[in-house]
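K.L.:
the following comprises the amino acid sequence and a computationally predicted model.
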Amino acid sequence: TQLLEQSPQFLSIQEGENLTVYCNSSSVFSSLQWYRQEPGEGPVLLVTVVTGGEVKKLKRLTFQFGDARKDSSLHITAAQPGDTGLYLCAGADNNDMRFGAGTRLTVKP
Amino acid sequence: NAGVTQTPKFQVLKTGQSMTLQCAQDMNHEYMSWYRQDPGMGLRLIHYSVGAGITDQGEVPNGYNVSRSTTEDFPLRLLSAAPSQTSVYFCASSYGEGTEAFFGQGTRLTVV
């Protein structure tokens, strides 16, 4: 079983729609990160959240860390085809980083 | 800026063969890790290191060995390749726990 559960596993939407993807765990993390991965490449960091209840915005992307630091969400406003990719959440756990299985997002023009 | 460099990018092995995947970083990061990525499984941690001379096991260490003789290099050794080790392997480095992880471009390994 994954330490971090991400949902949905797949998401296909039209350009201009809004979406939210989730990252949930039964464990508490000191910090949680979101990465985006494109085909043939390694993941690239989008954001790190550290404080329970924290909200961070990165242009059209809004990240939220749950109050108990066990879960997080990523909301994308007015999705664009360039947002297509695999979105991974990762939690720091005793000197190593554990990843969820990811949400594969496809934004159709 | 080279960042994290992995070699080779592609490799085909026969069952039972051994090989070493190379990983080097030029950012003076203490933390380095190896992950494998399989469809629907995300990234699973194989081994990691918090500094030269220190290594530890992750979620799926069986069949793999690592060493960390220098800060820069963290090779991953497959002792006797099995078809179940067919995967894409990523090396990552970071400054410390919970900090941004920088990934290499991956090694696509096929074991036949």
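P.N.:
Received, thanks. Quick caveat, the model's predicted, so the values are computed rather than measured. Numbers count the residues shown, from 1 in each chain, chains lettered A, B, ... in the order given.
K.L.:
near chain B, which residues of chain A show up?
P.N.:
Residues of chain A lying near chain B by Cβ under 8 Å from any Cβ of the partner chain: A:2, A:6, A:9, A:30-31, A:33, A:35, A:40-45, A:48, A:50, A:88, A:90, A:92, A:95-102. C-beta here means a position set from N, CA and C on the backbone, and glycine is covered the same way.
K.L.:
which of those count as buried?
P.N.:
A:6, A:31, A:33, A:35, A:42-43, A:45, A:48, A:88, A:90, A:92, A:96-102 (16 or more other Cβ atoms under 10 Å in any protein chain shown).
K.L.:
tell me which element the closest residue to chain B within chain A is part of?
P.N.:
At 2.8 Å from chain B, residue A:42 is the closest residue in chain A, using Cβ to the nearest Cβ. Residue A:42 belongs to no helix or strand when assigned by DSSP states H and E.
K.L.:
list the contacts for it?
P.N.:
B:4, B:90, B:92, B:103, B:104, B:105, B:106 (Cβ atoms under 8 Å, 6 or more residues apart in numbering or on different chains).
K.L.:
do the helix or strand that contains the second one and chain A meet?
P.N.:
What that stands for is residue B:90. Under the criterion of DSSP H and E, residue B:90 resides in strand B:87-94. Yes. Judged by Cβ under 8 Å from any Cβ, strand B:87-94 comes into contact with chain A at B:90, B:92, B:94.
K.L.:
if we take those, which one ends up nearest to chain A?
P.N.:
residue B:90 (5.3 Å).
K.L.:
the closest one against residue B:103, yeah?
P.N.:
Yes. At 5.2 Å, residue B:90 and residue B:103 qualify as touching, with contact defined as Cβ atoms under 8 Å.
K.L.:
can you list residues touching both of these two?
P.N.:
Joint contacts of residue B:90 and residue B:103 (Cβ under 8 Å, 6+ apart) are A:42, A:43.
K.L.:
counting neighbours, go ahead and name the busier of the two.
P.N.:
Shown here are residue B:90 and residue B:103; by other Cβ atoms under 10 Å in any protein chain shown, residue B:90 has more neighbours (26 against 23).
K.L.:
just want the residue of chain B that's nearest chain A.
P.N.:
Of all residues in chain B, residue B:103 sits closest to chain A, at 2.8 Å by Cβ to the nearest Cβ.
K.L.:
contacts only, for that residue.
P.N.:
A:42, A:43, A:44, B:4, B:90, B:91, B:92.
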